[in-house]
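# sequence first, predicted coordinates after that:
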Amino acid sequence: MSWVGATGFARRPLVVAEDHLHHVSELLAVLAAAGVGLVAQATVLCLDRPGPDTTRIAAGWLERYPGLQVAARFDGDVPEPLRPRHAVLDAAVFESANRFAKALAGLLRPGGLLLQDIQLSTLAFIPPDRWWESIYLATTVRGMFAENPPTGRFLSNKRGYEATFGRDLLDAGFDPRDVMDKSELQEMVLPVVRASLDRAFPLALQVIGGGETPPIAWVGRTEEDRREVESELDLVVWCGGPGVEIGGRLLPRLSCKAGSQEAVTWTELVEDRLRGGDGVPVLEVGTRIAPEGAGRAEITNLAARHVHGLRGRLREGGAIVTAHHAYRLADGIRIGKVQPRKTVL
């Protein structure tokens, strides 16, 4: 399932792999307190053993943190409203390194951040006396991405790990500084998570059309993310750059100068749908285009010619309709707007 406009379980920018319920609870509380929507961009891969406590506490996370996804060994029922954001882990995930790596890679967005406990004691395929070999799982996961592999950072409550497995970390492609102390969630872990995701996903996507309004998704500036967005949406406007770009399934990618008449109209049409408006008034469009002193008839004609040009770019000109003296995007088409995250969060 694509992450674009997803309201069910989908890949996320941040995945936390942890085998202790209380450690997950502590981390989620710190991420949520940051107040920048981090939790809604995260999936928890909870590797604690199955049982009533795991089911109860994991369901509690889903209820407490809207937008959070949890994959765990649920062995009881989860309230119906929470089910779209939960996934039941197969027992094989705990018994096979290959199955574990595939499951983890399937949760993570390209370019995302994997935050992994360095000691995952519930994984049967890792020898207890070589607990740090979990670092090789992160290497395997990164290798499963053809382009834009995720970043891996580790959590530990052990001291002196540089001496214990520092060489193993380097051999696996990680710096010993990639290991962060669990006792410093606020001071160390949160700033690293925020900085990593800010670099990788500086944009925010708002989507509407075709059913329930999905949450805001974080987007990178990579061509991979752009292709994903434009293949899933009928029309999307990209703002915040040197110009405005329009793309999607209804038209080839188009670049416009910021502030140009065409860029303004496309943006107004999309924003009107996002806020559930009644359309962009014909006279408003025409007045913006017409010379000073133009009469009503000239204003109306100029607006019609301008929108006719926009319709001509679309594979389906009927995607822009005229109703009640206003232009609007037709019902049923999936539209989106991408802009810098700081402007919407």
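Great, that's in hand. Since the structure is predicted, the reported quantities are computational estimates derived from the model, not experimental observations.

# any stretches of the protein with poor pLDDT?
159-165, 210-212, 344-345 (pLDDT under 70).

# need the helices for this structure, in chain order.
21-33, 52-64, 97-105, 135-143, 161-171, 190-200, 223-232, 261-274, 282-289, 296-313 (DSSP state H).

# dump the residue contacts of residue 75.
Contact analysis of residue 75 by CB atoms under 8 Å, 6 or more residues apart in numbering lists 50-52, 54-55. Heads up, the C-betas are built off the backbone N, CA and C, glycines and all.

# can you do 6 Å?
50, 55 (CB atoms under 6 Å, 6 or more residues apart in numbering).

# report the separation between it and residue 303.
61 Å (CB to CB, to the nearest Å).

# swap in residue 342?
On the measure of CB to CB, residue 342 and residue 303 end up 33 Å apart.

# for these two, indicate the residue with more neighbours.
residue 303 (24 against 11; other CB atoms under 10 Å).

# and the residue nearest to the more buried one when sequence neighbours are not counted, how many neighbours does it have?
Once flanking residues are discounted, residue 303 sits nearest to residue 286: 3.4 Å by CB to CB, 6 or more residues apart in numbering. Residues near residue 286, counting by other CB under 10 Å, number 22.

# spit out the contact partners of residue 286.
Per CB under 6 Å, 6+ apart, neighbours of residue 286: 299-300, 302-303.

# between the residues you listed, which has the most around it?
residue 303 (24 neighbours).

# what sits against it?
Counted by CB under 6 Å, 6+ apart, residue 303 has contacts 282, 285-286.

# how about residue 93?
99-100, 103.

# quick one: which of those is most hemmed in?
Neighbour counts for the contacts of residue 93 peak at residue 100, which has 25 neighbours (criterion: other CB under 10 Å).

# how about the strands of the stretch 1-150 of the chain, start to end?
12-18, 42-46, 69-72, 86-88, 108-117 (DSSP state E, counting those that start in this stretch).

# so for residue 248, which of these sits nearest?
strand 108-117 (20.2 Å; CB to CB).

# what's that closest one in contact with?
For strand 108-117, using CB under 6 Å, 6+ apart, the contacting residues are 11, 13-18, 138, 145, 148, 150-155, 196, 200, 220, 224.

# okay, the closest residue in space to residue 68 that isn't next to it in sequence and residue 33: tell me how far apart.
In space, residue 68 comes closest to residue 39 once its chain neighbours are excluded; the distance is 5.1 Å by CB to CB, 6+ apart. From residue 39 across to residue 33, the span is 10 Å (CB to CB).

# which of the two has more residues huddled nearby?
Neighbours around residue 39 and residue 33, counted as other CB under 10 Å, are more numerous at residue 39. The numbers are 24 against 11.
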